[in-house]
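Visitor: Show me how the following folds:
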Amino acid sequence: MKILRLILLFTLLFVSFYSSASTSKFDCKYLNYHLVLEAKGFKHIVHELSINGEILITELLDDNWFMEEINCKKSGYEIVASHIQYNDPVKQVFKLTYSSKRGYKVIKGR
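Guide: Residues are numbered from 1 along each chain as shown. Below is the predicted model of the structure:
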């Protein structure tokens, strides 16, 4: 009976841990790369944005930006972010460009 309880407890913990993360993929018909957004956490959501699911955009992660919108543009992705998870509704716009030869670039807008 104890073993069954332990197995059930472990299963519930395992399932709840992995269900706390979600992943979204953003494709753009103008660009030859895509973005992957992974949301993790319970109380405060942490967004990890990566190029092709491989190259982590550390500038946005280090500053704890919450991605509100990701828009496809011919010149790159437009990212609208905020710190809404900390009750700060002010939005910041970033432009993300990438090339396999030069890497990625994040430009802060507005």
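
Visitor: which residues in the protein form strands?
Guide: Taking DSSP state E to define them, one finds strands in the chain at 22-26, 35-40, 46-51, 55-56, 66-73, 76-83, 88-99, 103-108.

Visitor: And the shortest one, what does it pack against?
Guide: Meaning strand 55-56. Packed against strand 55-56 by the contact rule (3 or more CB pairs under 8 Å, 6 or more residues apart in numbering; DSSP states H and E) you find strand 46-51. Where C-beta positions appear, they are placed from N, C-alpha and C, glycine not excepted.

Visitor: returning to that earlier point: want to throw the strands of the chain into TSV with mean pLDDT?
Guide: Putting those into TSV (pLDDT from 0 to 100) gives the following:
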stretch	mean pLDDT
strand 22-26	94
strand 35-40	94
strand 46-51	94
strand 55-56	96
strand 66-73	95
strand 76-83	96
strand 88-99	94
strand 103-108	96
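
Visitor: In contact with His47, which residues are there?
Guide: Applying CB atoms under 8 Å, 6 or more residues apart in numbering, we find His47 in contact with 37-39, 60-61, 65-67.

Visitor: Now with 10 Å, please.
Guide: Shown in contact with His47 (CB atoms under 10 Å, 6 or more residues apart in numbering): 24, 37-41, 57, 60-61, 64-68, 79, 81, 85.

Visitor: what's the distance between it and Ser99?
Guide: Note on His47: its distance to Ser99, by CB to CB, to the nearest Å, is 23 Å.

Visitor: And Ile70, by the same measure?
Guide: Noted for Ile70: a distance of 19 Å to Ser99, by CB to CB.

Visitor: burial of the closest residue to His44 other than its chain neighbours, as a residue count?
Guide: Nearest-residue entry for His44: Gln85, 4.9 Å, with adjacent residues in sequence omitted and distances by CB to CB, 6 or more residues apart in numbering. Using other CB atoms under 10 Å, the number of residues around Gln85 comes to 15.

Visitor: per-residue confidence at Gln85?
Guide: Looking at Gln85, its pLDDT stands at 80.
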